[in-house]
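Engineer: Have a look; sequence and predicted model below, questions after that.
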Amino acid sequence: MTAAGPPFRVMAPLRIGAVGLSAIMEYQKPGPVAADFFTGFDAERLARHLPDLPAGHFDAATGRIVMAFQTFLVRTPRHLILVDTCCGADKFRPEPMPHPTAAWLEGLHAAGVSEADIDFVLCTHLHVDHTGWNTRLERGRWVPTFPNATYVFSRAEYRYWEKLARSGAELPRVSRGIWEMNCLPVAEAGQALLVDDGHVLDEYVSLVPSPGHSPHHVCIRISSGGQEALVLGDMVHSVLQCHAPDWSTRVCWDPDLAARSRRAVLQEAAERRSVLLPVHFPAPTAGRLSAAGDGYDYRFVDTCVLARTTPRVRIRHLRVTNAFRKRCVQAHTRRVAAAGAQPRRRGRAHRTAGRPSSPGRPRDQPGGFQFVKRRPKAVGRGAAEFVVWVRAEDAASAGDGPTARTRCGKDTNGRTT
Ligand SMILES: [Zn+2]
């Protein structure tokens, strides 16, 4: 019997030029207590930024950050790539980070991908929760989970953990046996490629040195069509660290170096308008940075693309035909695709088109507009009168809808239009 899939929201698929990005979730759960976990933690700063955190990212009752464990599936025109492989199965009894892991494989298969399809596995660093599915247990032996993949490791990171493992030094429980279970069997199978920290895999994928959390942590840059995404690995564990980039963690190898790397990576990402993919952020996960004070605001891609960056206009008592509504959707889809994100699926706004919506519903609706009121009587076949929220550019590029004369009210930033 198959276990149920993960009961979590998962990041919506994205496109970066010709490259598709999606997430495979292993699990998410309340993790460490923020006050204990972050070096330089400051309760006043936490309180200030808590309202910025989306639901499900912080457990206010316990003070714990909620952490996702996920892998990014990268489909370039050439290769199928996994970045970071969560905790995996059967590694410890009891597991040091006990949570169900079966959903991960189901998620991979649900994405239409089999283990044999993977061309490359990249690890931002060689910690327990980023290398787990590198291997699996087969008749008592660890074997590579992905038989046809080349596993790309930072040479220096690999050597660091190899040396520690061979020294017989007592390691913390979460590091014990990781290299032996998750890395060595890959090398013994001839599937490990040890590279420099700035290695360029091809025109789409390259490594960005970002040491500190681990000795040779790297971020993974994905570039295509003038756009860019950056898998952050463990540069950040919570949105709070974007607001307070100097907060490293107690599990960082060198917290000061980690903070310097974090600042450098975040600054560059903000300047380049990179889409960030932080492994431990629950859905919607992906986002962009904008400078704010001595840190950054993190805007999730699905909200910054659809909701808050562009004002929408209220169009009142508008005769909306199905054809016009369809053109709005098409315009929205084109615009979102051009912005490098996945259009929202046909959702509630579409399904309820033609029926009144409940008052007070959020305005951020699939398709970029919302029907908030319907006059009692439909006006002819395929038409009705609504109050709608529609993004101005969608309405404008939808062609000759009756928007120009009837646009009124205030936009969502409060300006009169
Ligand atoms: Zn991690």
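Structural biologist: Structure received. Here the structure is a predicted model, which is why all the values come from computation and not from measurement.

Engineer: and Arg374, what pLDDT?
Structural biologist: For Arg374, the model assigns a pLDDT of 41.

Engineer: Can you give me the end-to-end span of stretch 176-196?
Structural biologist: 25 Å (C-alpha to C-alpha, to the nearest Å).

Engineer: can you tell me if that stretch touches the ion.
Structural biologist: No - applying C-beta under 5 Å from the ion, one finds stretch 176-196 out of contact with the ion, separated by at least 11.9 Å. (C-beta placed from N, C-alpha, C; glycine too.)

Engineer: and what of stretch 274-281?
Structural biologist: No - judged by C-beta under 5 Å from the ion, stretch 274-281 and the ion are separated, with a smallest distance of 5.8 Å.

Engineer: need the residues of the stretch 1-150 of the chain near the ion, please.
Structural biologist: Residues of the stretch 1-150 of the chain found near the ion, taking C-beta under 5 Å from the ion as the criterion, are Asp129.

Engineer: try 8 Å
Structural biologist: Applying C-beta under 8 Å from the ion, one finds that the stretch 1-150 of the chain approaches the ion through Met67, Phe69, Asp84, His125, His127, Asp129, His130.

Engineer: Relative to the ion, which residue of the stretch 51-200 of the chain is the closest?
Structural biologist: Evaluated by C-beta to the ion, the stretch 51-200 of the chain has Asp129 as its residue closest to the ion, separated by 4.4 Å.

Engineer: burial of that residue, as a residue count?
Structural biologist: 23 (other C-beta atoms under 10 Å).

Engineer: Test my guess that it contacts Thr71.
Structural biologist: No - between Asp129 and Thr71 there is no contact under C-beta atoms under 8 Å: 10.5 Å.

Engineer: what sits in contact with each of these two?
Structural biologist: Among the neighbours of Asp129, those also in contact with Thr71 (C-beta atoms under 8 Å, 6 or more residues apart in numbering) are Cys86.

Engineer: Show me where this structure has its helices.
Structural biologist: Assigned by DSSP state H, the helices in the chain fall at 34-37, 43-49, 102-110, 155-167, 178, 184-188, 240-243, 255-272, 301-303, 322-338, 348-351, 392-397, 403-406.

Engineer: which stretch in those helices is the model least sure about?
Structural biologist: Taking the average pLDDT of each of those, the minimum falls on helix 403-406, with a mean of 30.

Engineer: Distance of the residue lying closest to Asp36 once chain neighbours are set aside relative to Asp234?
Structural biologist: Setting aside the residues directly before and after it, Asp36 is nearest to Arg250 in space (C-beta to C-beta, 6 or more residues apart in numbering), at 7.0 Å. When C-beta to C-beta, to the nearest Å is applied, the distance between Arg250 and Asp234 equals 12 Å.

Engineer: ok, those two, which is more surrounded?
Structural biologist: Set side by side, Arg250 and Asp234 show more neighbours around Asp234, with 25 against 11, by other C-beta under 10 Å.

Engineer: so what's that one up against?
Structural biologist: Contact partners of Asp234, counting by C-beta under 8 Å, 6+ apart, are Thr124, His125, His127, His130, His213, Ser214, His217, Thr249, Val279, His280.

Engineer: Read off the pLDDT value for the fifth one.
Structural biologist: According to the per-residue confidence, His213 scores 97 in pLDDT.

Engineer: Report pLDDT for the residue of the stretch 51-200 of the chain closest to the ion.
Structural biologist: At Asp129, the model reports a pLDDT of 94.

Engineer: Next, the contact list for Val195, please.
Structural biologist: Contacts for Val195 were tallied using C-beta under 8 Å, 6+ apart; they are Val152, Phe153, Ser154, Arg155, Leu207.

Engineer: which stretches of the protein have low pLDDT?
Structural biologist: Under the criterion pLDDT under 70, the flagged ranges of the chain are 1-7, 93-98, 302-325, 327-329, 331-332, 335-417.

Engineer: Go again with 80.
Structural biologist: Along the chain, the model assigns pLDDT under 80 to residues 1-9, 92-102, 173-174, 302-417.

Engineer: tell me the domain boundaries of it?
Structural biologist: Described in terms of automatic domain parsing, the domain architecture of the chain consists of the residue ranges 14-304, 310-406.

Engineer: Single out the most deeply packed of those domains.
Structural biologist: Ranked by mean neighbour count, the domains of the chain are led by domain 14-304 with a mean of 19 (mean count of other C-beta atoms under 10 Å).

Engineer: quick one: that domain to chain centroid distance?
Structural biologist: Mean-position distance between domain 14-304 and its chain equals 11 Å (C-alpha atoms, centre = their mean, to the nearest Å).

Engineer: circling back: look up phi and psi at the residue nearest to the residue of the stretch 51-200 of the chain closest to the ion when sequence neighbours are not counted.
Structural biologist: Take Asp129 and drop its neighbours on the chain: the residue closest to it by C-beta to C-beta, 6+ apart is Cys87, 5.1 Å away. Backbone torsions of Cys87, given as degrees, to the nearest 10, read phi -100, psi -20.

Engineer: Quick check: Cys87 touching Thr135?
Structural biologist: No - taking contact to mean C-beta under 8 Å, the distance of 11.9 Å between Cys87 and Thr135 leaves them out of contact.
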